[in-house]
Structure formats: structure tokens, C-alpha cells
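output the structure for:
(2 chains)
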Amino acid sequence: AQSVAQPEDQVNVAEGNPLTVKCTYSVSGNPYLFWYVQYPNRGLQFLLKYITGDNLVKGSYGFEAEFNKSQTSFHLKKPSALVSDSALYFCAVRDQGGGSYIPTFGRGTSLIVHP
Amino acid sequence: DTAVSQTPKYLVTQMGNDKSIKCEQNLGHDTMYWYKQDSKKFLKIMFSYNNKELIINETVPNRFSPKSPDKAHLNLHINSLELGDSAVYFCASSLGTNSPLHFGNGTRLTVT
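Below is the predicted model of the structure:
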């Protein structure tokens, strides 16, 4: 079985400061990991993914994520937050060794960037 | 040039009615999905369709049924609507099963 947890419902950060949105996962095999962003009244937009290879993955809008196998984590990061980054962020996982190809999404973390 | 388009954007209807939501993707993807997002923003997979194989989330009531006339379309039909069906429904597609999902902008269903 595959599962993903986003332990924070909300993250607050001041504009210009670094931000981190946390994600941990559980799979029986190796994971495919994804981050998505959702703006109000819109669908989810893909930010970045980890399949294999380099543990630091760079994505859209200056976001990056670090895959840590020992901690089963895939935290989303950005060195300098913008007010326009305020949105809902979802982590998703798919088990490479699992029977289902359908990704499981976390419950989402609301990121609020204060001016 | 909308990649994944859903219609209608808003749907308000009464309990007991039957309604459909249409989804079309012009990305050439071979896998399509329906997700339900509740008021707490939790995303729950309802169906997935890949190479004519339909995968159904067993927790979804059989009042919900997907229909795929071709690879570019996966419509959602709902019978005997209930108050608890009120939510935002998202269609998505992907190329293969390891690629990111591309989402439509959702259909907000309100059952009164």
C-alpha cells in the first residue's frame, strides 16, 4: 500500500524568506514522488517530480524538493518566497512496485506568504 | 488551448436528479482520471481509465459511472444525486502511468 502525509495544514512565511512544505511517504517498493500547486478555483498544476537519480529535484517557479530515502521524505523548498506563491500544495506518491498506477495525494498544505 | 477541459464549470441541481460532467483532453494522453475534492480540499480518486481498462475506487457509490467514448474523453455520469455529492470534481490525464497528471479546472457540483 502507498500513503503520503503532509503534517502541516498551513505554513506561514514572510516574503523573501525561505519556505519548506513537508511531505513524508510510505511505499513497499521505490517511490515516484510529485508536488502540485492549486490556486483558488483552479485545478492542480504540476511543479516537479522525483523518479530516480539526483536527490535534489528542481521544478517550476523556482521550487525544488529533496528526496531523502532514509527519512522517507520529499520536502518542497524555495529559497525566497513570493506573495504570489500563496496557494495550496499537494504531495503525491506512487509505488513503483505496487499494483496500482494511480497516485495517492496528501491532504494538502496551505502556504501563506505575508508581504 | 485548454489541455484538459471540463464542462460545465458550475452545476447546481436538486436531489434525485441525474447529471453528467464532460471531460476532454487534447494532449494525446492515454490515461484519464476523475477525482473528487471535498470541502476540506482532500482529493479522492474515483476512477481511472487506461488502455480500455477501467479501475474503480471501490468506495465510490455505483450511482457514479464513467463513460469513455474514446481516448480523449472520460465523462462522469451521476444518478440519483444526493446532498453529500456536493463537491468539486476534477478530471485529469497523463501520458502513461508514470507521468505527472494534468488537471482540468474542476466542476463545482452543488446538490440542493
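
okay, helices next: where are they in chain A?
Using DSSP state H, no helices are found in chain A.

so where's the chain shaky on pLDDT?
Using chain A here. By pLDDT under 70, the low-scoring segments of chain A are A:98-99.

wait, chain B
Low-confidence segments of chain B (pLDDT under 70): B:1-2.

spatially central residue in it, please.
Nearest residue to the geometric centre of chain B (C-alpha atoms, centre = their mean): B:W34, 3.3 Å.

residues making contact with the helix or strand containing that one?
Per DSSP states H and E, B:W34 falls inside strand B:31-37. Here strand B:31-37 makes contact (C-beta atoms under 8 Å, 6 or more residues apart in numbering or on different chains) with A:101-102, A:105, B:23, B:25, B:43-51, B:66, B:68, B:71, B:73-74, B:76, B:87-97, B:101, B:103, B:106. (Each C-beta comes from the backbone N, C-alpha and C, glycine too.)

report the buried members of those.
A:101-102, A:105, B:23, B:25, B:43, B:45-50, B:66, B:71, B:74, B:76, B:87-94, B:97, B:101, B:103, B:106 (16 or more other C-beta atoms under 10 Å in any protein chain shown).

which of those residues fall in strands?
Mapping these onto strands (DSSP state E) picks out A:105, B:23, B:25, B:43, B:45-50, B:66, B:74, B:76, B:87-94, B:103.

enumerate every residue touching B:K40.
Residues in contact with B:K40 (C-beta under 8 Å, 6+ apart) are A:R107.

all good on my end, thank you.
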